[in-house]
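In: Pasting the sequence and the predicted model now:
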Amino acid sequence: MQTIYPPYTNNLNSLVRTSPHKFTGTGSPARLSVHCISRSDSVQFPNGIGYSRADWQTTCAILSSKVVSLDQPTDKSSEENLNLIPIDAATSRNGSPAFPPQKALSITDLSPAPMHGSKLKVAYQGVTGAYSEAAAGKAYPNCDTLPCDQFEVAFQAVELWIADRAVVPFENSLGGSIHRNYDLILRHRLHIVGEVQLRVHHCLLALPGVRKECITRVISHPQALAQCEHTLTKLGLQATREAVDDTAGAAEYIAVNNLRDTAAIASARAAELYGMQILADGIQDDSSNVTRFVTLAREPIIPRTDRPFKTSIVFAQDKGTSVLFKVLSAFAFRNINLTKIESRPHRNRPIRLVDDANVGTAKHFEYMFYVDFEASMAEVRAQNALAEVQEYTSFLRVLGSYPMDMTPWCSSRDD
Ligand SMILES: O=C(O)C(=O)C[C@]1(C(=O)O)C=C[C@@H](O)C=C1
């Protein structure tokens, strides 16, 4: 049984610490590609800073995980259970505080600040004008953004300290899940530290002067093509669809190559940036087209209970009957709302053979199940639910416990 917990439990043995690699290169390329990142040339092994930061965070996490259990009443005071310093120990003889009062830490304080002393650097997949860039701006206003040519590169940029965070799309209300990122998060030691929901407003873009009738090809990110499928048909375009890496990249490609027979699905901002005209505005099949992005960091944030939190986990079910039902019941019995379930092939063990001498051999596909639920890992009910889930699973990892995006939807058109 393999269980990987970030430091949300009070079991010290199960703590996982990310490696304190530090990027020492100067400056960053305009757009990161896989060729730019190589563990051996760009990483220098540490000077100890990473260790002390991780230690501090781990300590905070353990303290915050010692919440009072409602299930097991105790005669100790809640302060003792919470490991709080008693008030008299923190005050001097005359009753005034022994230390000057300090500003309370907020959630952003607890998420590690950039180590290079400058603005937070946020990696995303695509070029300037991509929706992912807008999502990065919503998550971290005033950040420096780092365009990457692939999702994998954005993940690696954070792992190798080239960026402080990555913002990657996970699901869209029309197009569904971005499977690539579900697979990548399992392969990388990053933590989900936040989520951002962005209303995606698509436009059909062409070079100035080009009419709709001249378009024989529409190019865009596969998600954008899927989100506009019906509208493209309704527009009466006699055009083939072609998938490219990102929406803004599609607009840039048309502009750079002066393609007068090709249109792109991208944002109004991409039209402005690459000198394109808008042939049709708001071509997504549903006006409330929303993409949910997650923000990734090397360290987890400390889960809290004073605002709505979501937790994302991934597990592989153990042998037995009704395992999935039992796992889901662990949440249902504790009134924990699930917001998403996704399954992906179990890449290390994709097929399980079950022999039955009488009828032959059944071939079951094995899956990794990703579940998002509305509770913080600082809540006892969430800790208990996971303890129960652990009994039915051969692998369990907490991907992150993070504040839910409760802001009104911000449209990519407004940016
Ligand atoms: O191509 C972009 O602009 C992206 O940011 C990628 C992406 C995605 O992968 O889903 C992001 C938001 C939209 O749903 C369409 C495309």
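Out: Sure, I can see it. Residues are numbered from 1 along each chain as shown.
In: Tell me the confidence at the closest residue to Arg187 other than its chain neighbours?
Out: By the measure of CB to CB, 6 or more residues apart in numbering, the closest residue to Arg187 outside its immediate chain neighbours is Phe155, 8.0 Å from it. Yep, even glycine has a C-beta here, placed from its N, CA and C like the rest. We have a pLDDT of 97 for Phe155.
In: which parts of the helix or strand hosting Phe155 are buried?
Out: Using DSSP states H and E, Phe155 sits within helix 151-159. Within helix 151-159, the residues that qualify as buried are 151-159, counting by 16 or more other CB atoms under 10 Å.
In: pLDDT below threshold where in the stretch 101-250 of the chain?
Out: Of all residues in the stretch 101-250 of the chain, those with pLDDT under 70 make up the ranges 101-118.
In: how about Ile178, what does it touch?
Out: By CB atoms under 8 Å, 6 or more residues apart in numbering, the contact set of Ile178 is 168-172, 223.
In: redo that, cut-off 6 Å
Out: By CB atoms under 6 Å, 6 or more residues apart in numbering, the contact set of Ile178 is 169-170.
In: go on, Thr311?
Out: 373, 377, 401.
In: can you check Asp286 too?
Out: Asp286 neighbours (CB under 6 Å, 6+ apart): Leu174.
In: likewise the one 3 residues further on?
Out: Residues counted as contacts of Asn289 (CB under 6 Å, 6+ apart) are 174, 200, 227.
In: near the ligand too, which of the residues you listed?
Out: Filtering the contacts of Asn289 for neighbours of the ligand using CB under 6 Å from any ligand atom leaves Val200.
In: Please report which of the contacts of Asn289 has the highest neighbour count.
Out: With neighbours taken as other CB atoms under 10 Å, the top of the contacts of Asn289 is Val200, carrying 27 neighbours.
In: these two touch, right, that residue and Phe293?
Out: No. Using CB atoms under 6 Å, Val200 is not in contact with Phe293; the gap is 10.5 Å.
In: The helix holding Phe155 close to the ligand?
Out: No. With CB under 6 Å from any ligand atom as the criterion, the ligand is not reached by helix 151-159; the gap is at least 8.2 Å.
In: how about the CA coordinates for that helix, as PDB?
Out: Output of helix 151-159 as PDB, limited to C-alpha atoms (Å, rounded to 0.1, in the frame of the first residue of the first chain):
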ATOM      1  CA  PHE A 151       2.100  21.600 -20.400                       C
ATOM      2  CA  GLU A 152       5.000  19.300 -19.400                       C
ATOM      3  CA  VAL A 153       7.400  22.300 -19.700                       C
ATOM      4  CA  ALA A 154       5.200  24.400 -17.400                       C
ATOM      5  CA  PHE A 155       5.300  21.600 -14.700                       C
ATOM      6  CA  GLN A 156       9.000  21.300 -15.100                       C
ATOM      7  CA  ALA A 157       9.600  25.000 -14.900                       C
ATOM      8  CA  VAL A 158       8.200  25.000 -11.400                       C
ATOM      9  CA  GLU A 159      10.000  21.800 -10.300                       C
END
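In: now the helices for this structure?
Out: 39-42, 49-65, 78-81, 107-110, 131-139, 151-159, 179-187, 222-227, 229-234, 247-257, 268-274, 323-332, 380-391 (DSSP state H).
In: hey, which of those is tucked in deepest?
Out: helix 131-139 (a mean of 26; mean count of other CB atoms under 10 Å).
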